Structure formats: structure tokens, C-alpha cells
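Novice: Got a predicted structure here, sequence first:
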Amino acid sequence: MSLTIRFTADTHVPVEVEGIVPDVVRDMSIDDIRSIQAFHGNEKIKFGDFFDVDGDPTDGVMDWHGDLKGVHWIGAKMKTGRIHVHGCCGRHLGSEMSGGEIHVDGDAGDWVGAELHGGLIHVKGNAGHLVGAAYRGSARGMTSGTILVGGNVGNELGHTMRRGLIAVAGNAGDLVGFNMLAGTILVFGDSGIRHGAGMRRGTIGLFGACDRDPLPSFSPGCDFKPPALNLIFRHLDELGFQTDPVFRSCSYRIFHGDLIEGGRGEIFIPKIAG
């Protein structure tokens with residue numbers, strides 16, 4: 001039986017629950033979990049003052065219920081286990097997570113998987129800005145792991161990303177892969193402008209319509225069918241993230257950049273007959 005957590009408070013003030021994850025609570029009693037410190041705005045509270053807690057902490061699985069849009073840092077710094085959010089949740093989902101899985105049935109806020117170090121995050125709805133990104137002042141963002149978003153995302157997807165895979169089924173805002181160091185970002189919907197600005201290495205796949213051609217600091221290369229993409233598509237299939245079969249057979253235009261940073265990154269854009 002999983003550990004069931006249900007948000008019971010009626011408040012418009014943000015609630016922060018950083019550190020309440022399966023590997024931390026595994027050896028704790030229910031009463032001890034209820035006594036963990038959380039924050040209601042800038043006020044320290046006991047976790048049990050705002051949440052009902054029941055079930056088996058040793059199971060390694062946590063089920064979160066309720067209106068969690070104002071509840072932030074769910075799954076932050078998680079190392080093992082599985083979290084299932086039955087609905088929407090707030091900002092910093094899975095921030096600095098290094099292992100395990102987080103599944104969200106609804107939407108999530110900004111900073112999903114910020115500075116992720118491992119594991120899997122799958123948001124079935126939309127996510128906000130700065131998915132898989134570095135926090136302001138940090139040298140690198142996501143360094144490993146996988147982030148899947150079934151809906152749309154905001155700006156600066158994968159900002160300063162170092163390694164790992166991000167796949168977005170819907171649309172993205174501006175600056176996909178801004179300052180990207182390495183890794184793979186795939187956006188299957190439409191996207192905004194200035195993608196790959198400042199990128200040093202890595203791969204960005206833009207499968208939908210873009211507001212602009214790649215930046216002038218990107219050099220067009222050949223048209224070809226990159227074998228690595230089919231391996232990634234197969235991996236996404238295994239994770240339950242479906243992609244249009246047309247992308248497995250079409251050829252792609254490749255752009256090399258950002259030339260200001262050495263030109264070792266690449267942007268793939270499919271060539272599909274209309």
C-alpha cells in the first residue's frame with residue numbers, strides 16, 4: 001500500500017514541501033511524517049497541519065491528492081521511489097531530483113526538473129517556464145535523466161542543460177535550449193524564436209512550426225536521416241510517449257551552431273511534403 005497524502009488546507013498562500021519524498025520518509029512513522037517542517041508562505045508549519053497522511057511509508061510510493069496548484073517543491077531532491085500526483089501541482093516539481101519517477105496527471109508550474117540529476121518526470125498536462133533549466137547563477141541545469149511533457153511548455157526549455165532528454169508533445173515558447181551545454185531536446189508542437197542561442201553542443205529537434213528560421217549564427221548543413229533519432233523515438237515509445245510515425249521516415253535539415261560558441265550544436269527540422 002502506498003503512502004497517501006491529501007491536501008486539506010483552504011489557502012491562497014503558497015505551501016512548500018521540499019524534502020518530503022519516499023527515500024526520506026521510508027523509515028518514519030505516520031506521526032513523524034506529520035511533524036515534518038513545511039512552509040506556508042514564510043511561516044513554518046507542521047506537514048500534518050495541511051495534509052492528511054495515511055498508508056505505508058516503506059512502500060516507496062507516494063500518492064498526492066487534492067488541489068495542489070499552490071503546493072511547490074513536490075519531489076525535490078528525491079533519490080529513489082515513485083511519486084504520483086493525481087491532478088495539478090505547483091513549481092519546482094522534481095527539482096534537483098537524482099533518481100526515481102514522478103508522474104503528474106495534470107499540469108505543473110515553472111521549473112519542472114530544474115537541475116535534474118537523474119530519474120524520470122512525466123507531466124501529462126502542461127508545464128511552465130524553465131523546464132529542466134539551471135537556477136539563476138548556476139553553471140548548469142539538468143545533468144541527466146528524462147523529462148516528458150504531454151502538453152505545452154513556456155520559455156527557456158532546457159536552459160543551460162548539460163545532459164539528458166527532454167521531450168514535449170505540445171508547443172514551446174521562446175529560447176528552447178538557451179545556453180545549452182549538451183543533451184537532447186525534442187519539441188513536437190510549434191515553438192517561438194531564438195532557439196539554441198548560445199548553445200555549445202547538444203541536439204534540438206523542432207518538429208512543428210517555428211516563428212522564425214534558426215538564428216543567423218547557425219549554419220545550414222546537409223539534408224539527411226539521422227539514425228540516432230529513431231533510437232530516441234523507440235526509447236520514447238517504451239516510456240509511453242507516442243510520436244508521429246512520419247518523423248521516423250522523413251529527412252531533416254540540419255543547422256550547426258551557435259557559431260558564436262564554436263558551432264558544435266545542432267538543430268534538426270523535418271522536411272515533410274505538404
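Specialist: Done, it's in.
Novice: so what's the backbone phi/psi at S219?
Specialist: phi -100, psi 130 (degrees, to the nearest 10).
Novice: so what pLDDT did R212 get?
Specialist: As predicted, R212 sits at a pLDDT of 75.
Novice: That one touches S191, doesn't it?
Specialist: No. Counting by CB atoms under 8 Å, R212 sits too far from S191 to count as a contact (9.6 Å). Yep, even glycine has a C-beta here, placed from its N, CA and C like the rest.
Novice: and those two? which has more neighbours close in?
Specialist: Shown here are R212 and S191; by other CB atoms under 10 Å, S191 has more neighbours (25 against 11).
Novice: Can you name the residues bridging to that one?
Specialist: Taking DSSP bridges as the rule, S191 bridges to C210.
Novice: Pull the contacting residues for it.
Specialist: Counting by CB atoms under 8 Å, 6 or more residues apart in numbering, S191 touches N171, A172, G173, D174, V176, L206, G208, A209, C210, D211.
Novice: now the helices for this structure?
Specialist: Using DSSP state H, the helices of the chain run over residues 22-25, 30-34, 47-50, 227-238, 246-249.
Novice: Deepest in the core, which of those is it.
Specialist: Burial of the helices of the chain is given as mean neighbour count (mean count of other CB atoms under 10 Å); helix 22-25 ranks first at a mean of 19.
Novice: Dump the C-alpha coordinates for that helix into PDB.
Specialist: Extracted in PDB, the C-alpha atoms of helix 22-25 (Å, rounded to 0.1, in the frame of the first residue of the first chain):
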ATOM      1  CA  PRO A  22       9.900   8.400  -0.500                       C
ATOM      2  CA  ASP A  23      13.600   7.900   0.400                       C
ATOM      3  CA  VAL A  24      13.400  10.400   3.300                       C
ATOM      4  CA  VAL A  25      10.100   9.100   4.900                       C
END
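Novice: Give me the subset of the contacts of S191 lying in strands.
Specialist: Counting by DSSP state E, these place L206 in strands.
Novice: Please identify which of the contacts of S191 is nearest to D110.
Specialist: G173 (11.5 Å; CB to CB).
Novice: Please report the distance of the residue nearest to the closest one when sequence neighbours are not counted from A139.
Specialist: Nearest residue to G173 in three dimensions, chain neighbours excluded: N155, at 3.8 Å (CB to CB, 6 or more residues apart in numbering). Between N155 and A139 the computed distance is 20 Å (CB to CB, to the nearest Å).
Novice: Between these two, which is the more surrounded one?
Specialist: Per other CB under 10 Å, whichever of N155 and A139 has more neighbours is N155, with 19 against 8.
Novice: residues in contact with that one?
Specialist: H129, L130, G173, D174, L175, G192.
Novice: got it, and V168?
Specialist: V131, V149, N152, V153, L157, I185, L186, V187, F188, G189.
Novice: Just the ones of the residues you listed in strands?
Specialist: Using DSSP E, those in strands are V149, I185, L186, V187.
Novice: Tell me the bridge partners for the last one.
Specialist: Right, V187. Where V187 sits in a bridge, its partners, by DSSP bridges, are V168, L206.
Novice: So what's the residue count around it?
Specialist: Neighbours around V187, by other CB under 10 Å: 29.
Novice: now the first one
Specialist: One way to gauge burial is a neighbour count; for V149, by other CB under 10 Å, it gives 29.
Novice: Report pLDDT for A273.
Specialist: Model confidence at A273 (pLDDT) stands at 51.
Novice: try M97
Specialist: We have a pLDDT of 98 for M97.
Novice: That one is in contact with G118, isn't it?
Specialist: Yes. The pair M97 and G118 qualifies as a contact (CB under 8 Å) at a distance of 7.0 Å.
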